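> Got a predicted structure here, sequence first:
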Amino acid sequence: MTTVARKPVATKPASMAQALGRALRDAMAEDPTVHVMGEDVGALGGVFRVTDGLVKEFGEDRCTDTPLAEAGILGAAVGMAMYGLRPVVEMQFDAFAYPAFEQLISHVSRMRNRTRGALPMPLVIRVPYGGGIGGVEHHSDSSEAYYMATPGLHVVMPATVEDAYGLLRAAIASDDPVVFLEPKRLYWSKADWSPEAPTAVEPIGRAVVRRSGSSATLITYGPSLPVCMEAAEAARAEGWDLEVVDLRSLVPFDDETVAASVRRTGRAVVVHESTGFGGPGGEIAARVTERCFHHLEAPVLRVAGFDIPYPPPMLERHHLPGVDRVLDAVARLQWEAGS
Amino acid sequence: MTTVARKPVATKPASMAQALGRALRDAMAEDPTVHVMGEDVGALGGVFRVTDGLVKEFGEDRCTDTPLAEAGILGAAVGMAMYGLRPVVEMQFDAFAYPAFEQLISHVSRMRNRTRGALPMPLVIRVPYGGGIGGVEHHSDSSEAYYMATPGLHVVMPATVEDAYGLLRAAIASDDPVVFLEPKRLYWSKADWSPEAPTAVEPIGRAVVRRSGSSATLITYGPSLPVCMEAAEAARAEGWDLEVVDLRSLVPFDDETVAASVRRTGRAVVVHESTGFGGPGGEIAARVTERCFHHLEAPVLRVAGFDIPYPPPMLERHHLPGVDRVLDAVARLQWEAGS
Amino acid sequence: MKKSTMTVQELPGAPAYRPTPPPSWKPRTDPAPLLPDTAPYRVLGTDAADRLDAALMRRLYAELVRGRRYNAQATALTKQGRLAVYPSSTGQEACQVAAALVLQERDWLFPSYRDTLAAVVRGLDPVQALTLLRGDWHTGYDPREYRIAPLCTPLATQLPHAVGLAHAARLKGDDVVALALVGDGGTSEGDFHEALNFAAVWKAPVVFLVQNNGFAISVPLAKQTAAPSLAHKAVGYGMPGRLVDGNDAAAVHEVLAAAMERARRGGGPTLVEAVTYRIEAHTNADDATRYRGDAEVEAWRAHDPVQLLERELTQRGILDEDGIREARAAAETMAADLRERMNAEPVLDPTDLFAHVYAQSTPQLKEQEAQLRAELDAEGER
Amino acid sequence: MKKSTMTVQELPGAPAYRPTPPPSWKPRTDPAPLLPDTAPYRVLGTDAADRLDAALMRRLYAELVRGRRYNAQATALTKQGRLAVYPSSTGQEACQVAAALVLQERDWLFPSYRDTLAAVVRGLDPVQALTLLRGDWHTGYDPREYRIAPLCTPLATQLPHAVGLAHAARLKGDDVVALALVGDGGTSEGDFHEALNFAAVWKAPVVFLVQNNGFAISVPLAKQTAAPSLAHKAVGYGMPGRLVDGNDAAAVHEVLAAAMERARRGGGPTLVEAVTYRIEAHTNADDATRYRGDAEVEAWRAHDPVQLLERELTQRGILDEDGIREARAAAETMAADLRERMNAEPVLDPTDLFAHVYAQSTPQLKEQEAQLRAELDAEGER
Ligand SMILES: Cc1ncc(C[n+]2csc(CCOP(=O)(O)OP(=O)(O)O)c2C)c(N)n1
Ligand SMILES: Cc1ncc(C[n+]2csc(CCOP(=O)(O)OP(=O)(O)O)c2C)c(N)n1
Ligand SMILES: [Mg+2]
Ligand SMILES: [Mg+2]
């Protein structure tokens, strides 16, 4: 765990993209083994401008525009990590990480285990992910189910500007490979935050209660956090006081925080944008039920994207779980049954 | 749905590998658009001999040894399907399907949807899968979580010799892409079955109760079915009368059969060899709980492989869910609580 | 179904490519016939232009003019919010037009996101071609009707499809050649390699056209390859490589036509590299000033595909003022029609989300569709 | 950390590989220097043998003899159930031995499953080399200690690792070259393409050795490629290709040494194709009679790497009867020792299953480890 401490300075609005860029910059400045690589990460600064300015400050050897080949990028990063570097790889969009799955599953996630720890894989794979940005086909996938089903990977998703910085620093500092899912539609979300006083870097694996409540728990992460916060506000009108848990990482999974919340509230809804069937929600609901069965007044429900390929822009609003669907699910939590 | 009816003939022991080979042969004989392709499927007959004899009977144009490149194989099969053929692709081992994931996720699963049905993908991807055969690294993965999280695919796993034939025929007859997972350790399992009177071909998507019981339901599929059957026998000594449901396909999922069973028994354990976290068990447990909450005496439990890369042969027995772990889980179903 | 025998490519007289111990073992073929041209092949402004087919040239010219106008119109539509995104082929019209016109009706085109113009020249309604980029349904047309595969976004992944389709057609005994388009950046992908290798081994009737426009978004060619040229990649697959001036419509057409003919006659695949330039940014969302200077763009503007052909044809008397005027007028008509029709808001049925996921739908999808219908009904009632 | 400037490969005097409109645009380099030999390069039995380094040749010979014996012993161990599986390199010993001996201590070797012999020649204990194939832990050694990457099973996937490692070493200013091994079948994989392309663009100090043994399990070379030779694939990446008789240990060593030296001096990667033959079946589990005839095997036996070198060296007086006896005796000692040590049942700790999945383990894995411990304790009590 790396903790960055600087003098407190006045904060001003910063976007998640800026906080991520700053995290990369600070990590590169602190540790010469950190290398950023990917498609268009150099002069262009990445298609989302997250790597803007890095090539200027650190040169092409530290911030490298690679040939256009995702398996090659990740495979080369594996070799660089074998030699002691800490590559931070950018996959340009969620769906364009698929060509690298062989390297990810067969090597990134297994190299450490294969060699009894001799060859750790301290690399980070940054993936701009999820929908809601009007992107055409292949630009809006939520692919976390694939990553969480792959032992050996950590899977992290920031939902706030502060976490974007803190979690990315923690991911780069980690000796384990981290798939770092950056919710595209939150890139331009802003918060008062100062790059001069960056947030302490959390260890990966702690969920956080974003809103306390007593009637039911919304379990969520990444792009769905704002939806859940809004739903929780709206729910007050219905007389429901909802707790919102932001997982922050799917692996490691913070059973403790989640179960503690659900034991308190007795009801839970898992909310994510990824497809429902075979998505993270099943795992989460199952583990919560295993741990909280006798505290549950109703089955843990799930609000997720439909079990379909991501829709075209003009239809995506019908697919994405919004406030109404969350409230509908809350309403189905069998309120007549208990408390 | 294709139904094959021939005169009844005396049955004799046949292995699952033989039944699969026969299904390929019969499908090719019946439908000239069926093409088998993959690595070593020709003269060698596949490393598991499932395609043995096909090249002799149908020639190299119908049973083709491809260059060694999984993405190329599947990508070419997509193009062949676009032209109206029904390719049956063999991936040599579970882990060697990963290089083809890009083609699988971005094209096989989406082509039909992308084109509003104009370009269906009637192809079958046969994957010898799972462990328990003493295979060295990369030869024993249970990768069904990836497939079931990919909308547009059907995911089918036979557990018996009869089903191997029937389900493979149904998969080839289907106008949807089917990932057909063949449990490697059941290849040489035998049953009385005659290729001259092949079983009627079931439509895909129906689970089957392999053993009726009243105390609890074991929900399983593929390589774990024999384990569950054995556990159910052993459980009689403990006074438990277990029902065993063989899912036969993860997609489509037969909620009806599964929920009916669990409502009857009030308790359930999901058993599979795939890793637990993010594996099929979470989805299954969550859906069962959603549907049967008030019938459940205990949370639905899961018995799965550990959340680790598949172990080396000398340690695999510690990883694979065996009878003891299933019985342990059954014992934890809170028998004191109810019926 | 006609019978065909599939044999792996063996040059006549060459020894079987089998393991024989050296010294009797030799490389299978002399690579010389596979090596590409040492400079991009040109027709316009060279003696080869003496042989131009006037009718074909007029057709090419009219389409170039229409294509230029189409690109401008589509770009304008992004500014009006009528397209979600547009990757322009301005500057690459010669490749687009030649690729479309070289096809027989029964042939198949495998385009990428940048190749809507080729699809339009092949006969697709521009509104249908732009459906994807408008944010409407992924594919705006029936690929079988036009023998145009869906516009492909994941780079190079359409190439194995082209190989598979061409191979299937050959097995069926059908006279079909597939033409697959890919960018310079796309040649770095593994799928490029696997597709070309399958094509060569199977001797599939497929032609690969690399539009080398110098950039993959911001990444220049020099960071993409160290090869003598992209056409040189052909050698490693045992297929011929051709290098052509991609802004010379006559040259691109000639080279592609020869490659198509070769494939049609059973000669197997060809790799064609067309050297061209992307005059506009990668898409309307891109800022090209971050990675290239104006001077370079200006140098390429001086080598403009429309002007190159116009100059040659007028000099040779194949085209006159009337012809030019006519071509421009037709282009304006197309643009006005496109503008107008793109202004109409498309009407999508949300339940289409579930209609085509499977041929045999699942109970789960049926439930979800019912849920969405209920929501829509409730919305309607409000 | 030493500074190094990374520049994309540009031949001195060559124009920058940028988009310039034709006719000024030219392919970057003349491919001629990249083209491989027109027949496999040989030393033994040719004039080049006059220059042999006697000490090196004796070393090569001793290792060939040991290697042949090692292969036989390992195959025998499969029959005794002491190895789960063994992919023999009998017939390919010249490649294996030369690949190992050409390395400096600080260089890295990237082997596949068939290359345990190369690892052994590099200095790895044979028992450690065989750990994976024994069914024991996946990697039996610390890769950093020997600079031998884990034996790689998924074909060609180790090649980008070699490129990345070589590139990292170069960035650090370390004098390290990576040598990566791959089979003829592996060249069809996308990772082969991507690795070679990255290597050439980055000018990484890496050498790729393709052991073309004629088969990928049952699939013969002719179904794998239509290329003039596999070495010709180099052209498409802008790196030199070399073709060598893979059963001529002196030739393989010489060609690899030159390629290593070139990489070491900053000249970038080389692709070497060694033409050889897999005398045994793919593994002990394979039945080679299904796909090839005895005559072919016999022809290759007559071109045996051990005999070829033995004959040359004895003719030239570099090796005598004593030398041969010594080599064979050393091989027998190694075999006896290996046999004995492989008879001991390895002791594995089942909780190792959880020890190395993560540096920072998860609560879930800790629970699972506790579960397994409890089970083991219960088992122990029974
Ligand atoms: C597999 C994949 N990776 C990344 C992308 C994102 N992307 C879209 S276009 C592009 C550049 C393509 O360059 P090139 O192949 O030269 O084609 P051009 O855009 O120049 O026509 C990139 C990286 C993609 N579409 N697919
Ligand atoms: C990605 C991948 N696909 C398939 C396999 C299964 N497989 C193991 S060895 C082999 C043939 C390899 O042939 P080649 O590359 O020529 O090496 P050789 O075995 O001849 O040394 C195959 C198909 C694999 N290991 N990896
Ligand atoms: Mg380009
Ligand atoms: Mg081989």
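It's in. Ligands and ions are numbered 1, 2, ... in the order given.
> where do the helices sit along the stretch 51-200 of chain C?
Ranges of helices in the stretch 51-200 of chain C, per DSSP state H, counting those that start in this stretch, are C:54-79, C:93-101, C:116-122, C:126-129, C:131-134, C:143-146, C:158-172, C:190-202.
> Let me have those helices in CSV, extended by distance to A:Pro195.
Every C-beta, even on glycine, is put in place using the N, C-alpha and C of the backbone. Below are these laid out as CSV (distance: least, CB to CB, whole Å):
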stretch, distance to A:Pro195
helix C:54-79, 33
helix C:93-101, 45
helix C:116-122, 42
helix C:126-129, 45
helix C:131-134, 37
helix C:143-146, 49
helix C:158-172, 42
helix C:190-202, 38
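> closest to A:Val78 out of those helices?
Nearest to A:Val78 among the helices of the stretch 51-200 of chain C is helix C:190-202 (15.5 Å), distances taken as CB to CB.
> how much does the closest one deviate in direction from helix D:190-202?
Inter-element angle recorded for helix C:190-202 and helix D:190-202: 120 degrees (by axes from the mean of the first three to the mean of the last three CA atoms, to 10 degrees).
> so what does helix C:190-202 touch, helix or strand wise?
Contact analysis of helix C:190-202 by 3 or more CB pairs under 8 Å, 6 or more residues apart in numbering or on different chains; DSSP states H and E lists helix B:70-82, helix C:158-172, strand C:206-212, helix D:190-202 as its packing neighbours.
> I'd assumed C:Val65 was in contact with C:Ala331.
Yes: with contact defined as CB atoms under 8 Å, C:Ala331 reaches C:Val65; the gap is 5.0 Å.
> what about the two, which has more around it?
Of the pair C:Ala331 and C:Val65, C:Val65 is the one with more neighbours under other CB atoms under 10 Å in any protein chain shown, namely 25 against 21.
> What is the neighbour count of residue 158?
All of this refers to chain A. So A:Pro158, with other CB under 10 Å, has 28 neighbours.
> my question was about chain C
That count, for C:Gln158 with other CB under 10 Å as the rule, works out to 29.
> what separates it from C:Phe192, distance-wise?
C:Gln158 is 10 Å from C:Phe192, where distance means CB to CB, to the nearest Å.
> same check, this time on C:Arg82
33 Å.
> So which of the two has more stuff around it?
C:Phe192 (30 against 21).
> longest single strand anywhere in chain A?
Across chain A, the longest stretch assigned as strand under DSSP state E is strand A:268-275.
> Parallel or antiparallel, list what pairs with that one.
Strands that pair with strand A:268-275, judged by DSSP bridges, come out as strand A:216-220 (parallel), strand A:301-305 (parallel).
> Please export the C-alpha coordinates of it as PDB.
Provided in PDB are the C-alpha atoms of strand A:268-275 (Å, rounded to 0.1, in the frame of the first residue of the first chain):
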ATOM      1  CA  ALA A 268     -31.000  -6.000  -0.800                       C
ATOM      2  CA  VAL A 269     -30.900  -5.200  -4.500                       C
ATOM      3  CA  VAL A 270     -27.800  -5.600  -6.600                       C
ATOM      4  CA  VAL A 271     -27.600  -3.000  -9.400                       C
ATOM      5  CA  HIS A 272     -25.200  -3.200 -12.400                       C
ATOM      6  CA  GLU A 273     -25.200  -2.300 -16.000                       C
ATOM      7  CA  SER A 274     -23.700  -5.600 -17.200                       C
ATOM      8  CA  THR A 275     -26.100  -8.200 -18.500                       C
END
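> Next secondary structure element downstream of that strand?
Next along the chain after strand A:268-275, taking DSSP states H and E as the criterion, comes helix A:280-292.
> That following helix vs helix B:280-292, what angle?
Using the same axes, to 10 degrees: helix A:280-292 against helix B:280-292 is 70 degrees.
> Helix A:280-292 - contacts with which helices or strands?
helix A:144-148, helix A:255-265, strand A:268-275, strand A:301-305, helix B:280-292, strand B:301-305.
> so can I have a markdown table of these showing mean pLDDT?
Formatted as a markdown table, the helices and strands packed on helix A:280-292 follow (pLDDT from 0 to 100):
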| stretch | mean pLDDT |
| --- | --- |
| helix A:144-148 | 98 |
| helix A:255-265 | 98 |
| strand A:268-275 | 98 |
| strand A:301-305 | 98 |
| helix B:280-292 | 98 |
| strand B:301-305 | 98 |
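> what sits against A:Met80?
The contact partners of A:Met80, taken as CB atoms under 8 Å, 6 or more residues apart in numbering or on different chains, are A:35, A:87, A:123, D:164-165, D:167-168.
> By neighbours, which of these wins?
Most surrounded of these: other CB under 10 Å gives D:Gly164, at 32 neighbours.
> Nearest residue to that residue in space, please, no chain neighbours.
A:Gly79 (2.4 Å; CB to CB, 6 or more residues apart in numbering or on different chains).
> Return the distance of the residue of the stretch 51-200 of chain C found nearest chain A relative to C:Gly81.
Closest to chain A within the stretch 51-200 of chain C is C:Gly135: 3.4 Å, counting by CB to the nearest CB. With distances taken as CB to CB, C:Gly135 is found 10 Å from C:Gly81.
> neighbour-wise, which of those two wins?
The residue with more neighbours, out of C:Gly135 and C:Gly81, is C:Gly135; 22 against 8, by other CB under 10 Å.
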